[in-house]
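Chemist: here is the input, now give the coordinates:
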Amino acid sequence: MQWMLWTLPTAAFFAGIVIILAIMTVWQILQPTRERRGWIIPMRTTRGDRLFIGLLASAYLSALWVALIPLTSWLLLLAVIVLMLTLMFVG
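Modeler: Residues are numbered from 1 along each chain as shown. Model prediction:
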């Protein structure tokens with residue numbers, strides 16, 4: 001019984017998450033993180049914390065986009081990438 005349809009976008013999404021986690025693991029091994037306080041997230045966080053917050057924010061943004069904005073998903077992808085980069089490096 002097939003409970004989930006594995007399409008190329010679905011597989012790409014999960015592959016992207018795995019790649020991000022692998023990159024973060026290597027980055028942590030090569031350069032251990034230190035907590036810092038950003039101006040977007042008003043608490044001390046590590047890279048892993050900011051990644052988790054960014055993934056949650058991306059999920060909420062995606063849900064709101066699909067529900068409220070009748071524009072192409074390619075713009076959503078661009079918005080999610082900008083959000084993640086902002087939270088990871090400025091956050």
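
Chemist: how about low-confidence regions in the protein?
Modeler: 1-4, 91 (pLDDT under 70).

Chemist: mind doing that once more with 80?
Modeler: 1-10, 38-41, 73, 90-91 (pLDDT under 80).

Chemist: give me the residue at the spatial middle of it.
Modeler: residue 55 (3.5 Å; CA atoms, centre = their mean).

Chemist: enumerate every residue touching it.
Modeler: 17, 84 (CB atoms under 8 Å, 6 or more residues apart in numbering). Using the backbone N, CA and C atoms, a C-beta is placed for each residue, glycine as well.

Chemist: quick check: phi and psi at it.
Modeler: When read as degrees, to the nearest 10, the backbone of residue 55 gives phi -70, psi -40.

Chemist: and the nearest residue to residue 86 once chain neighbours are set aside, how many neighbours does it have?
Modeler: Excluding its sequence neighbours, the residue lying closest to residue 86 (CB to CB, 6 or more residues apart in numbering) is residue 40, at 6.8 Å. Using other CB atoms under 10 Å, residue 40 is surrounded by 11 other residues.

Chemist: wait, residue 40 sits on residue 84?
Modeler: No: assessed by CB atoms under 8 Å, residue 40 is found out of contact with residue 84, at 12.0 Å.

Chemist: assumed the residue nearest to residue 86 was part of a strand.
Modeler: No: in this structure, residue 40 is coil, not part of a strand, as judged by DSSP: H, G, I helix; E, B strand; the rest coil.

Chemist: that one and residue 25, how far apart?
Modeler: 24 Å (CB to CB, to the nearest Å).

Chemist: can you check residue 80 too?
Modeler: 22 Å.

Chemist: same question for residue 56.
Modeler: Distance from residue 56 to residue 25, by CB to CB: 20 Å.

Chemist: do the same with residue 83
Modeler: 22 Å.

Chemist: so which of those two has more stuff around it?
Modeler: Shown here are residue 83 and residue 25; by other CB under 10 Å, residue 83 has more neighbours (16 against 11).

Chemist: I'd assumed residue 59 was in contact with that one.
Modeler: No: using CB under 8 Å, residue 83 makes no contact with residue 59, being 10.8 Å away.
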